[in-house]
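Q: pasted the sequence and its predicted model underneath.
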Amino acid sequence: MRERLKTAVLAVLVALSVALSGLLWNAPPPSLPIERETYASFASIGEARELFDVVTPVEVVFHHGDGTHTVAYPGTPVHGVIAARLREWSFQPLAREHYTRSVWEAYARRGRGIELVFGSEIPVALLEQIVADTGELARILPTVRRIAVYRDGEGVPRAYLVSEALGKAVAARPTLTTQQLDTYLKMGRILLRVETVPIASVPGRDELARVLYVPAGPQRVRQLRYEYRAIPDFAFVQSLFVNPKLIRSGREADGRMVYTDGHRTVQTAGKDHLLAYYDGTVNPTAIRPSDGLSMAVQFVNRHGGWTGSFVLVRLTRGEDGRQQVRFREYLNGYPLVGPEGRDVGRMELEVWGSGVRTYTRSTVRLERYVGHETLTLPDAADVLRQLGAWNIPVRDIERLSLAYLCRYRDPFVDLTPVWLVERTTGEMLLVGRETETRRVHHGLE
C-alpha cells in the first residue's frame with residue numbers, strides 16, 4: 001500500500017513538472033528595462049569648455065608700423081579681449097598667393113595691425129565655428145595657422161589668412177574698421193616687446209616657412225610658488241569607466257596604480273601626478289580633420305573637465321587616419337611644462353572615428369598663490385646661438401617662448417621661468433638661466 005502511495009505521489013509531481021515546463025516554454029519573457037551605459041559624474045574635478053575657449057591664439061602680435069612689435073599671450077587681459085572679439089570677425093576671401101617675405105612685410109612691417117598665431121594648423125571647417133564668417137575660404141584653403149588684419153599704406157583694412165603647411169596666403173577683406181584696429185593697437189602698445197625671426201622655407205628663397213616672435217632682451221620673470229591639490233585617482237576612475245563596480249586594480253612594482261574593467265585601462269603615477277587612459281573598444285577608423293578636435297573637447301568635458309586655462313598647441317593627423325590633439329595649460333601668459341618624463345601641463349588625446357583611444361593628462365590643480373622671487377633669463381638671441389651650438393638650426397624651431405617649469409615640493413609647486421623651445425618634430429627643450437637644457441618626453445613611460 002505504501003509503495004503504491006509513493007508511486008502515485010511521484011506521478012503527480014512528474015505531471016506538475018511537465019505542466020510548469022510547458023508554461024515556462026510557451027509564456028513570453030518578462031519585459032525588463034535596459035539600462036543605458038552612463039558614466040558617473042564627478043563635478044569637483046574640472047569645468048566644461050566650449051571649442052572657442054581652447055582653440056585660441058597662442059600669440060596675438062601687434063605690429064605698430066614703426067619697426068616695433070608687441071605680444072599678448074593666453075591668460076592675459078588683452079589676449080582675452082581680442083579672443084572674445086574674434087567671434088565677431090568676418091572675412092571675404094579675394095585671392096590666393098604664396099606665403100612670402102613680401103606678404104609678411106606688407107602686414108608686419110609696412111602695415112599697422114594685429115596677427116593671430118594659432119598653436120597648430122586649424123581646419124577651416126573648425127575656424128568657421130570660431131569666427132563669424134569665412135566666406136568661400138574652405139574652397140581655397142583647407143587649414144589656417146595665422147590671421148593678420150592690418151591697415152595698408154592708404155589706411156584701408158586688409159587681411160591675410162595663412163597656411164604654413166601649404167605655404168599659401170589668402171588675401172581677404174575683413175569686417176574690422178579702421179577705428180577698431182586703432183583701438184586694438186593702443187591696447188597692445190604697452191605689452192611685451194618682441195623681435196621677428198623670419199624663416200625661409202628654402203634658404204635664399206622668398207617663400208617663408210614661418211616667423212618667430214621672440215621676447216626682446218634679457219627677461220626678468222617671477223618664479224612663483226603655489227599650493228596645489230592632487231586630484232585623487234577615484235575621481236577620475238568614476239568619470240572614465242562605465243561601471244566603476246566592475247573595476248579591478250593593482251599596484252605595479254614602481255608604485256603606479258592600474259585600474260581596468262577588461263576593456264578600458266587607467267594608469268596613474270602618484271608622485272608624478274599624471275594619468276594615462278586607454279580604451280580598447282575604440283576601433284581604428286579614420287576621422288575627418290574637422291571632427292577630431294571637437295570630439296576631444298567633448299570627451300574632456302565628460303571625463304574630468306578642464307582644471308585650468310588650456311590652449312590647443314598641436315593638432316596632427318596620421319597616415320592611418322588618427323588625430324593627435326594636444327592642449328597645454330597656461331598661467332599668466334606662460335605655458336606650464338614639467339621636467340623630464342613628467343610634463344604636467346600637457347593634455348593629449350588620440351582620436352579615431354569611433355572615439356578617443358588614449359587620453360593623458362595631469363591630475364593636479366593649482367590652488368593658492370603663496371609667493372614669488374624675480375629671476376633673469378638670458379636673451380632669446382643667446383638661446384638661439386646656444387641652440388646652434390647644439391646643432392639645432394633655427395629652421396627646426398617651431399616656436400621659442402617663455403614658460404613655467406613645475407617642480408613639486410609638497411605641499412607646494414614651484415613655477416620656475418625657462419625658455420621653451422618647441423621643435424618641428426614635436427620635441428621640446430627647456431633652457432634655464434645657465435643655458436642648461438632638458439628634453440621633455442611625453443607619456444607615462
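A: Cool, got the structure.

Q: got a pLDDT number for the residue nearest the centre of the chain?
A: Within the chain, one residue has its C-alpha closest to the average C-alpha position: by CA atoms, centre = their mean, that is residue 327, at 1.6 Å. Reading off the confidence values, residue 327 has pLDDT 96.

Q: only the buried residues of stretch 364-377, if you could.
A: In terms of neighbour count (16 or more other CB atoms under 10 Å), stretch 364-377 has its buried residues at 364, 365, 366, 377. In short, each C-beta sits where N, CA and C put it, glycine included.

Q: typed the wrong thing, it's stretch 53-60
A: Taking 16+ other CB under 10 Å as the basis for neighbour counts, the residues of stretch 53-60 that come out buried are 54, 55, 56, 57, 58, 59, 60.

Q: out of the buried residues of stretch 364-377, the closest to residue 66 would be?
A: Relative to residue 66, the closest of the buried residues of stretch 364-377 is residue 377; by CB to CB it sits at 26.7 Å.

Q: quickly list what the residue nearest to the centre of the chain is bridged to.
A: For residue 327, the beta-bridge assignment (DSSP bridges) gives partners residue 312, residue 347.

Q: out of the buried residues of stretch 53-60, who's nearest residue 398?
A: Taking CB to CB as the measure, residue 58 is the one of these closest to residue 398, at 10.6 Å.

Q: per-domain residue ranges of the chain.
A: 51-216, 220-224+368-440, 225-330+343-366 (automatic domain parsing).

Q: from the contact counts, what lies against the helix or strand harbouring residue 221?
A: Counting by DSSP states H and E, the element that carries residue 221 is strand 219-230. Using 3 or more CB pairs under 8 Å, 6 or more residues apart in numbering; DSSP states H and E as the contact test, the elements touching strand 219-230 are strand 364-377, strand 397-409, strand 412-423.

Q: now with 6 Å?
A: Based on contacts counted as 3 or more CB pairs under 6 Å, 6 or more residues apart in numbering; DSSP states H and E, the elements that strand 219-230 packs against are strand 364-377, strand 412-423.

Q: nearest residue to residue 78 in space, please, no chain neighbours.
A: Spatial nearest neighbour of residue 78, excluding adjacent residues (CB to CB, 6 or more residues apart in numbering): residue 72 at 4.2 Å.

Q: does that neighbour have beta-bridge partners, and which?
A: Residues in a beta bridge with residue 72, per DSSP bridges, are residue 60.

Q: over to residue 408?
A: In beta-bridge terms (that is, DSSP bridges), residue 408 pairs with residue 413.

Q: tell me the spacing between it and residue 415.
A: Residue 408 sits 11 Å away from residue 415 when distances are taken as CB to CB, to the nearest Å.

Q: that older thread, quick one: which of the buried residues of stretch 364-377 is nearest to residue 99?
A: Nearest to residue 99 among the buried residues of stretch 364-377: residue 377, at 31.0 Å, using CB to CB.

Q: which ones are touching the closest one?
A: Neighbour list for residue 377: 219, 417 [criterion: CB atoms under 6 Å, 6 or more residues apart in numbering].

Q: tell me the SS of residue 193?
A: Remark: residue 193 carries the secondary structure label strand [criterion: DSSP: H, G, I helix; E, B strand; the rest coil].

Q: how about the contacts made by it?
A: Residue 193 is in contact with 70, 216, counting by CB under 6 Å, 6+ apart.

Q: before we move on, back to that, what sits against the residue nearest to the centre of the chain?
A: Applying CB under 6 Å, 6+ apart, we find residue 327 in contact with 310, 312, 347.

Q: let's go with 10 Å and repeat that
A: Contacts here follow CB atoms under 10 Å, 6 or more residues apart in numbering; on that basis residue 327 touches 49, 54-55, 119, 293, 296-297, 300, 306, 308, 310-315, 345-349, 361.

Q: over to residue 417?
A: By CB under 10 Å, 6+ apart, residue 417 lies in contact with 219-224, 334, 374-377, 402-405, 432-433.

Q: what about 7 Å?
A: Under the criterion of CB atoms under 7 Å, 6 or more residues apart in numbering, the neighbours of residue 417 are 221, 223, 375, 377, 402, 404.

Q: tell me the phi and psi of residue 241?
A: For residue 241, the backbone dihedrals (degrees, to the nearest 10) come out as phi -110, psi 140.

Q: touching, it and residue 264? I think so.
A: Yes. Residue 241 lies in contact with residue 264 (CB atoms under 7 Å); the separation is 6.1 Å.

Q: the more surrounded of these two?
A: For residue 241 against residue 264, the residue with the higher neighbour count under other CB atoms under 10 Å is residue 241, and the figures read 22 against 17.
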